[in-house]
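Q: Below is the sequence, then the predicted model.
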Amino acid sequence: MGELWNRLTERQKRILPWLAVILVMGAGLLLLQPSPGPQSYTAPPAPQPSEGPGDLGERLAKELTDILNMMLGGKRCSVFLTMDRGARLEVARNVTEEVRTGPEGSVERRFTSTPVILRSDADRREIPLVLEQIEPQVRGVLVVVDAPASAELRLAVAQAVATALQLAMYRIEVVFQR
């Protein structure tokens, strides 16, 4: 330490005690700062599939019927939707693999998968960590219009349905009742 002090210039020797005082004051401020206390993680509410495939299909069919009736100017129509699958949740999982080698050289592999669980101390409950919520998809649409058959009307209704539901035209069928 003595040879380090001897290598310093006079200016550096005058600044060094001030730096030490500033360092001690900074450490004191950090120690005297109030601690934030124990931080608890509050888990968000568990996302549930809000609606079953039937509920979503019925709601979409009703909204689409209302839109088409407004578009047709009083002409009545009915909409039937076919849903592809129900809503589902993709849950995060911890996966472990255990490999054992038997005495005869046989290899046994065992996979274990458990869902990742979040604990909420405030609510005293456990919920799975949801990575993705997958909504049901519309497979096809049938629109029955109570009007005389018309190619222009058929195209307009099919385009409206395709736009509203983001469906390909081949998944939409428009039929006329009269």
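A: Yes, it's here.

Q: Grab the nearest non-local neighbour of L165.
A: Leaving aside its sequence neighbours, L165 sits nearest to V138 (C-beta to C-beta, 6 or more residues apart in numbering; 5.4 Å). For the C-beta atoms, the positions are set from N, CA and C on the backbone; glycine is no exception.

Q: how's the chain carved up into domains?
A: 2-32, 53-88+132-176, 89-128 (automatic domain parsing).

Q: so how far is V130 from the residue nearest to L165?
A: Separation of V138 from V130 (C-beta to C-beta, to the nearest Å): 23 Å.

Q: Looking at those two, which has the bigger crowd around it?
A: Ranked by neighbour count (other C-beta atoms under 10 Å), V138 and V130 place V138 first, with 22 against 17.

Q: and the more buried one, what does it touch?
A: G57, L60, L81, T82, M83, D84, L165, L167, R171 (C-beta atoms under 8 Å, 6 or more residues apart in numbering).

Q: Would you mind measuring from the residue nearest to L165 to A158?
A: 14 Å.

Q: same deal with L118?
A: 45 Å.

Q: any idea where the strands of this structure begin and end?
A: For the chain, strands defined by DSSP state E occupy the ranges 77-83, 88-91, 93-101, 107-115, 117-120, 125-128, 130-134, 138-145, 172-176.

Q: Reformat those strands as TSV; add distance to Q33 and mean pLDDT.
A: Below are those laid out as TSV (distance: least, C-beta to C-beta, whole Å; pLDDT from 0 to 100):
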stretch	distance to Q33	mean pLDDT
strand 77-83	57	88
strand 88-91	40	82
strand 93-101	37	88
strand 107-115	39	87
strand 117-120	29	82
strand 125-128	34	83
strand 130-134	37	82
strand 138-145	57	90
strand 172-176	65	92
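
Q: which residues pair with the spatially most central residue of the chain across the strands?
A: Using C-alpha atoms, centre = their mean, the residue of the chain that lies closest to the mean C-alpha position is E132, 4.2 Å off. Taking DSSP bridges as the rule, E132 bridges to E90.

Q: ok, now V79?
A: Under the criterion used (DSSP bridges), V79 bridges to V143.

Q: Now do the contacts for it.
A: Residues counted as contacts of V79 (C-beta under 8 Å, 6+ apart) are A61, L64, T65, L68, V141, L142, V143, V144, V161.

Q: I'd assumed A160 was in contact with the fourth one.
A: Yes. A contact is recorded between L68 and A160 when judged using C-beta atoms under 8 Å, the distance being 6.5 Å.
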